[in-house]
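1. Have a look at this fold, sequence not included:
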């Protein structure tokens, strides 16, 4: 009966064993790695703001458990305090989990929403993907090199007002599903993340300006039904623009999006549904 199943899918114990194995593998890989991981935090802010982003932490709507949303805010505040002010020197690597550490109840982390086997359910430290996503947006608007990124559905909740591409979708899970970028520039950069008045704020700073600016654009956005499920479909690009001339130097596809909708299908805007 188990011949067609992965070991991790047999039962919850097997899933836990598989997860622990991946955690140990990542520890060993990092131990043998020659990369230098950023670890120095400074209260002094670097002078130039490269990019900034803010978003509401609490999501409200049909089928959304407000308690899990409030717990998410607690989790994000705890994790942000471990990252805020981190300085990444030239040649260093930023690792989300190297800085945050394992999210456990003993450290104050609570149950928020996590995605397990493509389903939303309560889990310790739930909501930290929001923090990872904010950092990803900061980095995408810079010349820094993303060296590890994982995606989950960006259709976890209905869009509020206008659609903002990449407002969600970055996945982090201790410690083998990490978010990492490398500073291959010739100057220091700094990540600032903090919570205030129910919002998550982020800034990426540098010592001086970079010559290019960056923009995220989305093309072909729509929802479509496949079998008995709905999916958000789009292509998301990053434009690299010369600040002096305004010339687009590069247009890079960064996500060929095909995300299962994980909120009430009745809340999908009817005018955004296309037949296939």
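-> Great, that's in hand. What you are looking at is a predicted structure, and each value in this text was computed from that prediction instead of being measured. Residues are numbered from 1 along each chain as shown.
2. the helices in the stretch 1-150 of the chain, which residues?
-> Ranges of helices in the stretch 1-150 of the chain, per DSSP state H, counting those that start in this stretch, are 12-32, 66-83, 96-100, 128-140.
3. hey, which of the ones you listed is tucked in deepest?
-> helix 128-140 (a mean of 24; mean count of other Cβ atoms under 10 Å). (Glycine included, C-beta is placed from N, CA and C.)
4. now the angle from that helix to helix 66-83?
-> 50 degrees (axes from the mean of the first three to the mean of the last three Cα atoms, to 10 degrees).
5. Not counting helix 128-140 itself, show me its contacts.
-> Contacts to helix 128-140, defined as Cβ atoms under 8 Å, 6 or more residues apart in numbering, come from residues 50-53, 55, 57, 72, 75-76, 79-80, 83, 96, 100, 103, 112, 115, 146, 149, 152, 166-172, 179, 181, 191, 193, 200, 202-204, 214, 216, 238, 254.
6. same question, stretch 66-75
-> Stretch 66-75 has contacts (Cβ under 8 Å, 6+ apart) with 57-60, 103, 108-113, 122, 125-128, 130, 195, 198.
7. For PyMOL, write the selection for the buried entries among these.
-> Restricted to buried positions by 16 or more other Cβ atoms under 10 Å, the PyMOL selection for the contacts of stretch 66-75 reads:
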select buried, resi 57+59+103+109+110+111+112+113+125+126+127+128+130+195
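8. quick one: which of the contacts of stretch 66-75 sit in strands?
-> Of the contacts of stretch 66-75, the ones assigned to strands by DSSP state E are 111, 112, 113, 122, 195.
9. Between the two ends of stretch 111-129, what distance do you get?
-> By Cα to Cα, to the nearest Å, the extent of stretch 111-129 from end to end equals 13 Å.
10. so where is this structure shaky, pLDDT-wise?
-> By pLDDT under 70, the low-scoring segments of the chain are 1-15, 276.
11. Please repeat the previous calculation with a cut-off of 80.
-> Scanning the chain for pLDDT under 80 picks out the ranges 1-17, 60-64, 117-118, 160-161, 276.
12. Just the terminal-to-terminal distance for stretch 202-216.
-> 17 Å.
13. now swap in stretch 184-201 and tell me
-> Terminal residues of stretch 184-201 lie 25 Å apart, using Cα to Cα.
14. mind listing what's buried in that stretch?
-> 185, 188, 189, 190, 191, 192, 193, 194, 195, 200, 201.
15. can you tell me which two in those residues are farthest apart?
-> 185 and 195 (28.2 Å; Cβ to Cβ).
16. ok, residue 141 - contacts?
-> Applying Cβ under 8 Å, 6+ apart, one finds that residue 141 lies in contact with 50, 51, 204, 213, 214, 215, 216.
17. Is the second one in contact with residue 203, as I believe?
-> Yes. Using Cβ atoms under 8 Å, residue 51 makes contact with residue 203 at a distance of 7.4 Å.
18. coming back round to it: how about the buried residues of stretch 184-201 in TSV, adding distance to residue 244 and secondary structure?
-> Listed next are the buried residues of stretch 184-201 as TSV, based on distance: Cβ to Cβ, whole Å; DSSP: H, G, I helix; E, B strand; the rest coil:
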residue	distance to residue 244	secondary structure
185	18	coil
188	23	coil
189	21	strand
190	25	strand
191	27	strand
192	27	strand
193	30	strand
194	33	strand
195	36	strand
200	33	strand
201	29	strand
